[in-house]
Structure formats: structure tokens, C-alpha cells
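Novice: With the sequence up front, the predicted model follows.
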Amino acid sequence: MAKQRASPQDFVERHGLWDAAQIDAARAVEKAIKGKKLELVRFSFCDQHGILRGKTLVAAEAVRALRRGVTMTSSLLAKDTSHRTVFPVFSAGAGLDLPAMQGVGNIIMVPDPSTFRVLPWAERTGWVLCDIVFDDGTPVPLSTRARYRDALARLARLGFDYVAGLEVEFHLFRIDDAKLAPATLGYPAEPPAVSHTTHGYQYLTESRFDQVGPIMEVLRRTAAALDLPLCSMEVEFGPSQYEFTFAPQAGMAAADAMVLFRSALKQVARRHGLVASLMCRPGFPHVLASGWHLHQSLRDTKAGRNGFVSRDRKELLSPIGRAFLAGLLANARAGAAFATPTLNGYKRYCGINSMAPIQAVWARDNRGAMVRVMGAPGDPATHIENRVGEPLANPYLYMASQIHAGLDGITRKLALPPPTNAPYEATAEPLPKTLAEAVEALRANACFRTGFGDAFVDYFAAIKEAEIARSGAKVGDPPDQVTDWEQREYFDLA
């Protein structure tokens, strides 16, 4: 008798890709699709640059795809920020030593039903975040969400969970010309011509916030509808610059929230005739650089409390907290490649007294240091704020790099150097001044090679090196000059 073939819809079950909570969540998703009469569902995964890619399915197909997955071209993992394919995918080995990459074979997006949302800005449309696997159910090793899951697992083996709060700066401009005329298109296309939404240099003034109140209210309602833990919306110092902050979340939820927020921000803004730019420093006069400050701590899963809280009145952090912070400082140069993965992001590190870090130092509540320690002995809200990141950083890689660096400090029992009250005058290891410096440091870094694996580090470095080569950047270029190349590459990067 011929062997009966399993149904494609059994893919998730056959390979054991969901836990019990996800199985229950999938049933709720099916009910939501039917009960809310959704017509479309977007299936998306987060690529190496933090960009959401995927496919949109009609509702009937979406229900079936929950358990069978959605095929996706593997060449998306070989692209740089211009969406050019960096690796020779039609050559033997494809430069990645992954069979699926040869000849642009398929990978499969497997939805995580716990991430399902109904999009408030798109009519009758759902959205679900996916993991990517091969056709045998094994995770794609280039998946950044999988790499973050690995980092969380390393931490869990020591009895801790990672807790992160988001503080994200960005720019919001009015679109004057979308630049869709044939002559403006390219690879990448010419960015939109824009005008400002605020004059700037009136930091946290109520009247400036009220001037943009209508779009802020739209964004607030969007965040609420998506169950994002929004805490505050602020008019930042520079023209058209804003900051949103989000309450701490544990584990995967924190990184997923950043992915969803950035996508929602850009899409909602565009529907209102605006462009939300996550580019660190857009190439306009008078604008200021934006950062992504990552607030973080470890939760002791057994005791159910913050593992960074000091019980010693002479110390700001617990022994675990001090070792974790020492690891961040020791691996800061290499870690910059994940926290600041664009050429433009390094335009933020060149200003003295700019509230942007230039050295691997820490301090208590000092915005000039790379790491700012918040709290006091016995304070349950004690945490550290790493101020090195840029808004375009891939959330999974940024957070995973923090965990691997912190664990390096813990396992090697690194001593924390003294704090500084003058972060721009201290004698300490400088942060990289360019992406090239950061990638060079990454290639030589044992901590991240252990944490991410040699193959992933080499893959990520190769993509960044291709980006650098294409930019034409040279040693000795003005450190604060934003080039036309950067503006095209990053201003409206999706």
C-alpha cells in the first residue's frame, strides 16, 4: 500500500514548531479572522536590516497558511540596504554555505500566532510576525529573530530573563514631492522632497507639541490599538524630531514591539502625507541626530525580581549588574556594528557635549556616557540605559548583542571600571568613528563569534562591507558631513 503523504497544512505540527500557547493563539486568530470579517492578512518576517518583508494573503488562504506556512524567496537574506543581492546566489555555495540560497530556493515563513494584530490603519487587514525555517522545519541560521531567541535561551539557562524598555527618536516630515517621476527612480530611488513639521530648538515646549497634536493623536491611537505599551510622546530638540517611549517588556516581546512600532509609524505617517524617517541624521541643514536608547535589566526568574538591584548601599548595581555592564563596555566597539549598523549612524558620535556617546564609559544619570545607570541601592526600578544605538538598528540583533556582551562580562567575571562624571574628557576606549571600524572590530570579537556563531558574524560583516564599498566612503572623509549617497540609502528605508 502506498504511503500516505502528510497534508501541507500539517507542516507546523509535523515539525513541532509551536508550543501550547501558540496552538491556543492560532485558534484565537482563526476566530478573529472570521469574526472580524478580515479580508487580508499580512505575513511578515524581519530581515537582517530590521526591515519587514512578506506576503499578503486573502483571508481564506491566510487561515490555511497559519499551519502550513508561506513560502518566501531566500535571496531576501542576501540583500543590503539598497535591496541589492550581495552574495552570488546562482553560484556554487552562494557565499553562504546554505543549500537553499543556491538558485534562490524557497524558505518558509511560519507565523507566530501570539503576534497577531488587526491593523487599525488598513481596512479589514490582519498582520502576523513570522519565523523563517527550511522545508525540514529547522530554523534558518540567518534569521535574526532566531538569533535573539538563542540569546534569550543562553540567559534563561542562568535563571534570568531580559527586560527592555524602548526610547526611540525619529523625524517626521511633510511630503512635498514623493519623487515618483521616472527620472527620479533608481536603486535606491531619490528620497521624497519634504518640509518640516516643527521649527525645532524649542525642546519639550507644550505649544510645539500642540501644533502637531492631530498626528500625535493618530499615532497614539494606533499604538493603543496594537497593544504597544506607549508611555510618552515628546517633541525633541531638533526640527521635526520626536521621541516615543515604551514601558519595559520581557523577552521576545520587547524586540517584537520595536519591529511593529517602526512599521506602524512609517505606514500611518505615509497615509497622512508624511514621511517618518528613522535615519539617524537626515541630510538637511540644522537637523539633529536621533538615537535609540535601550533601557535594560535582567529579571531573576526564580525569585521574580530585578536582578540588577543592589543590596549594598555603596554600589549602584548588584554583582550581576556590574558584571553585565562591564561586558557591555568590554565589547562596545564590536557591538556598535549591531547597535549602529548604518554609515550615517556614526555621524552621531562626533559631537562633544552632544549627549551622544563617544567613549565606552558609564556614569550615574549622565546623558553623555555610553551607559547611564538609573536607580539606587534597593530601588526595584534599577536598570541601565545604553545610549549607543540608532533607530534603524535591527531590534533582535541589538538586543541579542547586549545579552551576549553582558553574559561575557558575567562568565569572565569582568571588573567594572569606575564611573565618570566627565564622559567627554575621560580616558577610555573610543567608540568606532565609522561603520568600517565597527565591522572590523566585530570580525575580531570572540564574544560575538561565540554568541552569534562564526557563520552569522561573517555573513553580517560581509553585507555591511558591501554597503561600505558601494558608498565610496574613505578614511579622512568629514565625520559630520551627510552625503547624498546616505540620504538616498537611508532616509526612507522601509
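Specialist: Yep, that arrived.

Novice: you'd agree G453 is up against A151?
Specialist: No: in this structure, G453 is not within contact of A151 by CB atoms under 8 Å, at 11.4 Å. For every residue, glycine as well, the C-beta is placed using N, CA and C.

Novice: Helices of the stretch 251-400 of the chain, start to end?
Specialist: 252-271, 319-330, 332-339, 395-411 (DSSP state H, counting those that start in this stretch).

Novice: CA atoms only: put the third one into PDB for me.
Specialist: Taking only C-alpha atoms (Å, rounded to 0.1, in the frame of the first residue of the first chain), the coordinates of helix 332-339 have been written out as PDB:
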ATOM      1  CA  ALA A 332      31.400  48.100  22.900                       C
ATOM      2  CA  ARG A 333      33.500  48.600  19.700                       C
ATOM      3  CA  ALA A 334      32.300  45.400  18.100                       C
ATOM      4  CA  GLY A 335      28.800  45.800  19.500                       C
ATOM      5  CA  ALA A 336      28.500  49.100  17.600                       C
ATOM      6  CA  ALA A 337      28.100  47.100  14.400                       C
ATOM      7  CA  PHE A 338      24.700  45.800  15.700                       C
ATOM      8  CA  ALA A 339      23.600  48.900  17.600                       C
END
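
Novice: Contacts made by it with the rest, please.
Specialist: For helix 332-339, the external contacting residues (CB atoms under 8 Å, 6 or more residues apart in numbering) are 294, 328, 360, 370, 386, 388-390, 393-394, 397-398, 400-402, 405, 429, 431-432, 435, 437-439, 441-442, 444-445, 447-448, 460-461, 464.

Novice: Next, K55: secondary structure please.
Specialist: strand (DSSP: H, G, I helix; E, B strand; the rest coil).

Novice: What residues are bridge-paired with it?
Specialist: F43 (DSSP bridges).

Novice: OK, contacts around it?
Specialist: Contacts for K55 were tallied using CB under 8 Å, 6+ apart; they are 42-43, 70, 72, 109.

Novice: G307 reaches I320, doesn't it?
Specialist: Yes: counting by CB under 8 Å, G307 does reach I320; the two are 5.1 Å apart.

Novice: what do the two both touch?
Specialist: With CB under 8 Å, 6+ apart as the test, G307 and I320 both reach 160, 298.

Novice: Can you pick out the residue with more neighbours from these two?
Specialist: G307 (22 against 19; other CB atoms under 10 Å).

Novice: and the contacts of helix 332-339, which are buried?
Specialist: The neighbour count (16 or more other CB atoms under 10 Å) marks 294, 328, 360, 370, 386, 388-390, 393-394, 397-398, 400-402, 405, 431-432, 435, 437-439, 441-442, 445, 447-448, 460-461, 464 as buried among the contacts of helix 332-339.

Novice: Out of the helices of the stretch 251-400 of the chain, which is closest to G103?
Specialist: helix 395-411 (27.3 Å; CB to CB).

Novice: Past the closest one, which element shows up next along the chain?
Specialist: The helix or strand immediately downstream of helix 395-411 is helix 435-443, counting by DSSP states H and E.

Novice: would you put the C-alpha positions of that next one in PDB?
Specialist: Once non-C-alpha atoms are left out, helix 435-443 reads as follows in PDB (Å, rounded to 0.1, in the frame of the first residue of the first chain):
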ATOM      1  CA  LEU A 435      30.900  51.600  10.300                       C
ATOM      2  CA  ALA A 436      34.100  50.200   8.800                       C
ATOM      3  CA  GLU A 437      35.800  50.400  12.200                       C
ATOM      4  CA  ALA A 438      32.900  48.700  13.900                       C
ATOM      5  CA  VAL A 439      32.700  45.900  11.400                       C
ATOM      6  CA  GLU A 440      36.500  45.300  11.700                       C
ATOM      7  CA  ALA A 441      36.100  45.100  15.500                       C
ATOM      8  CA  LEU A 442      33.200  42.700  15.100                       C
ATOM      9  CA  ARG A 443      35.100  40.300  12.900                       C
END
